[in-house]
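# Below are the sequence and a predicted model for it; my questions follow.
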Amino acid sequence: MRITVDDRAVDVPDGLPLLRALHAVGIDVPSLCDDPRLAPYGECRMCLVHVEGHTQPVASCLTEVTPDMTVTTASADLESARHGMLEMLAQHYPPLAITTSADKPLHELFALNDVPALGRDRADLHDDTHPCIAIDMNRCIDCFRCVRICDEVQGQFAWQLVGRGADTHVVPSGADTLVASPCVSCGACVDTCPTGALEDRSVIELGRPTRWTRTTCPYCGVGCELLVGTREEHVVTAVPALDAPVNHGHACVKGRYGHGFVHAGDRALEPMLRDGDGWHSVSWEAAIARVAEDFRRALERTGPKSVGVLGSARATNEDNYVLQKFARLVLGTNNVDCCARVCHAPSAAGLRHAFGTGAATNSFADIEHARTIVVCGANATENHPVVGARIKQAARHGATLIVIDPRRIELAEHADVHLRPVPGTNVLLLNAIAAAIIDERLVDEGFMHERVDGFDEYAVTTAQYLPERVAGRCGVDADAIRAAARLYATNRPAMIFHGLGVTEHAQGTAAVVCLANLALLTGNVGRAGSGVNPLRGQNNVQGAAHMGCEPDFLTGFAPIAAAPWFADVWGAAIPEADGLDAMEMLDAAAVGALHALWVVGWDIRQTQPNATMTERALASLDTLVVQDLFLNETARQHATIFLPACSTFEKNGTFMNGERRVQRVRKVIEPLGNSRADWEIVCAVADAMGQAEQFAFADPAAIWDEIRAVWPAGAGMSYARLDAPGGLQWPCPTDDHPGTTLLHANGFTAGPRAPLHPIDHTPSPEDEHPDFPLLLITGRALDQFNSGTMTRRSLTNALRTTDTLDLSAADAAAIGITDGERVELTSRYGTAVLPARVSHAMQAGQCFATFSDPDTDLNRVTGPHRDPVTNTPEYKRTMVNVRRGKREP
Ligand SMILES: Nc1nc2c(c(=O)[nH]1)N[C@H]1C(S)=C(S)[C@@H](COP(=O)(O)OP(=O)(O)OC[C@H]3O[C@@H](n4cnc5c(=O)[nH]c(N)nc54)[C@H](O)[C@@H]3O)O[C@H]1N2
Ligand SMILES: Nc1nc2c(c(=O)[nH]1)N[C@H]1C(S)=C(S)[C@@H](COP(=O)(O)OP(=O)(O)OC[C@H]3O[C@@H](n4cnc5c(=O)[nH]c(N)nc54)[C@H](O)[C@@H]3O)O[C@H]1N2
Ligand SMILES: [Mo]
């Protein structure tokens with residue numbers, strides 16, 4: 001739209017309030033209370049402008065842009081109004097605050113307008129209790145951006161207003177300190193604060209960043225884009241990128257404050273060889289020669305089936321591509337896998353079976369298009385917090401929310417229907433929802449007719465699972481199942497998100513297919529706001545598997561037997577023998593059939609189930625190479641060779657998020673100490689084993705170009721194109737293809753129609769036992785990440801210092817334990833000791849524990865059972881007993 005600003009004709013974007021329209025074209029109008037993430041507020045009066053036809057100046061943040069309007073942004077009276085406003089703010093403002101952080105918007109305005117601060121610092125207005133956020137309310141100017149961003153973006157309401165009129169001020173909700181409020185430490189309030197009343201503690205301690213680098217968060221599969229602030233090669237802070245399509249200027253506690261691990265005092269920065277119980281440092285040359293020699297020996301003695309490698313869901317696509325190529329080309333084995341195995345392998349297998357492509361059908365942006373959202377076995381507000389907050393906001397703004405989770409997770413508080421199945425009964429429950437849809441004639445007949453096969457056979461099987469028949473076994477009321485079925489089938493589009501509560505069960509793949517069946521039955525696939533969407537785990541777990549760290553698939557999920565072009569690009573044949581997956585490799589090691597294993601970025605000792613078995617397997621290996629940032633538990637207890645990798649802040653590359661989006665990872669600082677990028681280490685070993693030519697990559701871009709050459713659906717994603725905010729979502733086959741936000745819009749991967757698959761329920765082999773009366777669910781909590789190697793070494797650690805066992809008040813009383821008391825948790829497989837928490841989220845008969853602390857070693861307790869299709873462990877169902885811990889002597 002064309003308007004006149006300060007006597008100039010200017011074209012501003014449509015649909016923005018005047019202030020933001022002016023900012024969009026680079027015209028500077030000051031403001032203290034506006035933030036593009038928030039609804040316009042009109043509190044600070046700094047953005048006053050003259051608009052022709054108005055007698056008084058108007059607040060531009062609240063003014064609509066109209067065609068041909070004439071705006072004046074600078075004049076003597078505007079200046080004097082602003083000056084007056086600043087003088088008022090300066091009355092009580094502490095001068096020292098300005099000198100320590102001159103670049104805050106308010107401080108810049110004070111300087112520009114020559115307004116001195118005249119207040120004094122009141123000690124009682126400081127709150128230093130939060131480990132990541134420093135609070136100095138001397139600087140609060142009542143713009144309420146913190147309050148608003150917490151409400152409007154995070155949906156947490158951790159700040160509140162007290163007092164009236166001029167006496168209104170901001171305090172933590174329901175508590176004296178922020179840390180005791182409902183705050184989830186997402187840092188949004190700090191990020192928006194224009195004065196430094198709220199500030200990152202790390203910035204105060206390390207100094208203001210002098211360089212900012214855009215990259216992708218190293219934690220979960222959401223893939224938030226961050227700007228990482230550094231000073232003298234030191235990571236100081238990370239803030240969310242405003243123009244990132246994934247996170248729109250939002251982040252969570254880990255992306256925002258979980259970066260301290262990079263500079264942790266115990267980062268392992270030298271290659272090391274085991275020396276009895278200890279280690280001695282060696283040169284890279286010596287370490288690499290030793291890896292090559294050990295693998296060569298194993299190959300000579302027992303052949304390629306006796307060696308294996310495990311890729312890292314934390315490392316880049318380029319790292320993982322090179323590693324699986326190494327396994328196949330240098331070691332001649334398909335024994336290669338990654339921790340997608342223990343996580344969402346059932347999602348990939350189930351969705352491939354149902355729709356032809358084993359990945360999320362839709363995008364996070366669809367959350368705002370869905371009328372119904374189903375969250376099944378996923379605790380999104382803790383584990384994918386940026387997506388979780390979006391789902392929460394959608395529910396607040398009228399979307400129907402159905403939560404299927406045995407625990408009363410935070411999203412359940414916002415749900416229209418909360419179904420709480422006994423862990424391990426998803427197939428019963430999801431079939432019951434399908435049976436109710438068929439029974440109540442809510443099937444989308446048109447969609448069936450056009451795009452779906454096999455309804456009749458499916459309906460016969462599914463009729464066995466009517467809600468009234470299975471309600472007792474899944475522990476959910478039949479009427480509630482029917483209510484959920486009606487909402488899902490009729491209030492469309494309806495979008496499913498699912499997590500490990502679906503996949504980490506003995507029925508993992510079966511339950512994913514059940515979800516896909518529901519989407520097909522109701523026409524909830526192939527349109528915006530619908531589909532089946534696994535909330536993928538780590539930053540690059542989607543990518544690690546997709547790059548070919550999978551025994552049965554090459555890059556791009558190409559089946560080994562049907563991808564002859566790889567041999568052309570690689571100049572050598574791909575091994576034909578079936579490979580072992582990660583679980584099978586450990587099984588093989590335990591019986592002496594696997595001799596050498598190279599584990600990159602995966603702490604299998606701490607995170608694999610049934611730790612006693614894992615230990616036995618690892619102890620049986622002749623060679624265990626661990627390549628990691630730290631001497632994690634796998635390295636500390638069992639490795640024979642340690643190779644120091646650098647973190648993703650220290651290298652270039654790409655990650656693939658849970659919505660098939662490839663985004664750039666950019667080097668923020670140089671590799672610390674002697675650490676090296678994973679791909680470089682792998683190429684050096686390939687070289688030492690006589691395969692230099694196929695591993696002569698100059699940089700990650702060269703690796704990526706080879707990836708594009710073997711992966712047709714990724715061919716159009718050059719680094720140049722990926723450099724844009726948000727990168728690209730595959731399929732993206734050509735240089736001019738825009739990428740794909742929605743799969744299966746007009747047909748499925750294999751053809752125009754997809755079949756419904758009848759699925760029967762098979763009970764878990766983890767059966768009930770009188771000695772183990774409680775059912776243990778294991779999973780995560782907001783402030784720690786998986787093995788905890790990174791979050792335990794960051795400021796975030798203070799927010800959650802130990803694993804916990806949650807149980808209901810009824811069970812706690814029956815066992816005779818109080819909140820915080822240490823308990824002994826025992827299963828058929830082992831024992832762990834950890835503090836108990838009485839939690840209203842738990843039902844009687846069930847308990848829940850996290851697994852981030854090596855001292856707890858929670859996986860001593862979990863068992864050997866697996867999903868029969870993918871071998872994914874049944875982490876979510878272990879029968880246990882809980883006893884009062886032994887008294888301290
Ligand atoms: N803060 C944080 N974020 C993380 C991680 C972390 O460690 N910490 N890890 C990342 C990784 S690797 C992953 S894979 C994701 C995992 O993210 P999620 O999938 O959310 O993981 P969990 O917390 O393990 O389990 C999810 C839920 O499944 C429920 N559940 C258990 N059994 C059943 C069942 O039989 N049926 C149903 N319907 N629900 C059940 C549990 O009560 C739990 O609330 O998170 C990623 N993000
Ligand atoms: N009881 C129980 N156990 C579980 C689960 C559960 O729900 N319950 N969930 C399972 C699931 S879903 C998962 S995904 C696994 C996760 O288990 P892990 O994959 O072991 O956990 P992470 O903490 O994600 O970290 C892996 C390792 O990568 C290292 N690392 C980080 N960045 C890099 C890098 O750039 N290069 C290299 N070389 N190393 C790097 C870290 O230091 C860490 O040692 O745990 C599984 N274990
Ligand atoms: Mo995971």
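Right, received. Where do you want to start? Numbers count the residues shown, from 1 in each chain. Ligands and ions are numbered 1, 2, ... in the order given.
# I figured residue 186 was touching residue 253, is that so?
Yes: using C-beta atoms under 8 Å, residue 186 makes contact with residue 253 at a distance of 6.0 Å. (C-beta placed from N, C-alpha, C; glycine too.)
# what's the closest non-adjacent residue to the residue nearest the centre of the chain?
Nearest to the mean C-alpha position of the chain, counting by C-alpha atoms, centre = their mean, stands residue 220 at 2.3 Å. Spatial nearest neighbour of residue 220, excluding adjacent residues (C-beta to C-beta, 6 or more residues apart in numbering): residue 384 at 5.7 Å.
# Bridging across strands, which residues link to the residue nearest to the centre of the chain?
Taking DSSP bridges as the rule, residue 220 bridges to residue 538.
# contacting residues for it?
By C-beta atoms under 8 Å, 6 or more residues apart in numbering, the contact set of residue 220 is 254, 383-384, 536-539, 785.
# how about the residue in the stretch 701-850 of the chain positioned nearest to ligand 3, secondary structure?
The minimum distance from the stretch 701-850 of the chain to ligand 3, using C-beta to the ion, falls at residue 786 (6.8 Å). Following DSSP: H, G, I helix; E, B strand; the rest coil, residue 786 is assigned to coil.
# May I ask you to confirm that it is in contact with residue 604?
No: applying C-beta under 8 Å, one finds residue 786 not in contact with residue 604, separated by 11.6 Å.
# Mind checking which of those two has more residues around it?
residue 604 (26 against 23; other C-beta atoms under 10 Å).
# For the more buried one, which non-adjacent residue is spatially closest?
Leaving aside its sequence neighbours, residue 604 sits nearest to residue 634 (C-beta to C-beta, 6+ apart; 5.2 Å).
# Sketch out the low-pLDDT regions of the protein for me.
Applying pLDDT under 70 to the chain flags residues 887-889.
# Tell me where the longest helix sits in it.
The longest helix of the chain (DSSP state H) is helix 284-302.
# Could you list the residues in contact with that one?
Taking C-beta under 8 Å, 6+ apart as the rule, helix 284-302 contacts 271-273, 282, 306-307, 331-332, 595-596, 598, 622-623, 625, 640-641, 643, 674, 676, 681, 684-685, 688-689.
# List the buried residues for it?
Applying a neighbour-count criterion of 16 or more other C-beta atoms under 10 Å, one finds 284, 287-288, 290-292, 294-296, 298-299, 302 buried in helix 284-302.
# anything in the helix or strand following it near ligand 2?
Following helix 284-302 in sequence order, the next helix or strand is strand 307-310 (DSSP states H and E). No: shown here: strand 307-310 not in contact with ligand 2 (C-beta under 6 Å from any ligand atom), separated by at least 9.3 Å.
# Strand 307-310 packs against which elements?
In terms of contacts (3 or more C-beta pairs under 8 Å, 6 or more residues apart in numbering; DSSP states H and E), strand 307-310 is packed against helix 284-302, strand 336-337, helix 582-590, strand 596-600.
# how distant is the shortest one from the center of its chain?
Relative to the mean C-alpha coordinate of its chain, strand 336-337 is positioned 22 Å out (C-alpha atoms, centre = their mean, to the nearest Å).
# which helices and strands does the helix or strand harbouring residue 720 pack with?
Using DSSP H and E, the element containing residue 720 is helix 719-722. Counting contacts by 3+ C-beta pairs under 8 Å, 6+ apart, helix 719-722 is packed against strand 661-665.
# got the contact list for the strand it packs on?
Residues from elsewhere that reach strand 661-665, judged by C-beta under 8 Å, 6+ apart: 214-216, 223, 225, 246, 316-317, 363, 543, 648, 651-657, 714, 717, 719, 722-723, 726-730.
# By proximity to ligand 3, which residue of this structure wins?
Ligand 3 sits closest to residue 537 of the chain, with a gap of 2.7 Å, by C-beta to the ion.
# Give me the number of neighbouring residues for the nearest residue to residue 442 once chain neighbours are set aside.
Spatially, and ignoring its direct neighbours in sequence, residue 442 is nearest to residue 489 (3.8 Å; C-beta to C-beta, 6+ apart). Number of residues near residue 489 (other C-beta under 10 Å) recorded here: 25.
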